[in-house]
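A.B. asks: fold the following and give me the result.
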Amino acid sequence: MAEIEFYGADWCSDCRRSKSLLNTLGVEYEMHDVAEDAAAADRSKEISGRTNIPVIRFADGTHLVEPSDAILHAELKLRGLVS
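C.D. replies: Numbers count the residues shown, from 1 in each chain. A predicted model of the protein is given here:
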């Protein structure tokens, strides 16, 4: 499993914002498009218990749902994925 699994969709503005932050910071992630893949949508809901996206899941099983840039950046720093 990748360090980060990203469950989202291209039409989702929060997903685009979070992906932009990850890309800008050079953080690698495995993308799962919930609009194109029903299994990914089901897995996203299993992880978060909700249908909101993005769902960002870390290797240890913890996850964030619709995080702000500040929260996502803080979590990445905490995990040592960015400086």
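
A.B. asks: contacts and neighbour counts: CA atoms only from here.
C.D. replies: Will do.

A.B. asks: partner residues bridging the most centrally placed residue in the chain?
C.D. replies: Nearest to the centroid of the C-alpha atoms of the chain, with distances taken as Cα atoms, centre = their mean, sits Ile56, at 2.4 Å. Taking DSSP bridges as the rule, Ile56 bridges to Phe6, Leu64.

A.B. asks: and the longest helix anywhere in the chain, how far out from the chain middle?
C.D. replies: What stands out as the longest helix in the chain, according to DSSP state H, is helix 13-25. Helix 13-25 sits 9 Å away from the centroid of its parent chain (Cα atoms, centre = their mean, to the nearest Å).

A.B. asks: strands paired with the helix or strand following that helix, and their directions?
C.D. replies: Scanning the chain past helix 13-25 towards its C-terminal end, the next helix or strand to appear is strand 30-33 (assignment: DSSP states H and E). Here strand 30-33 has these sheet partners by DSSP bridges: strand 4-8 (parallel).

A.B. asks: no further queries at this time; thank you.
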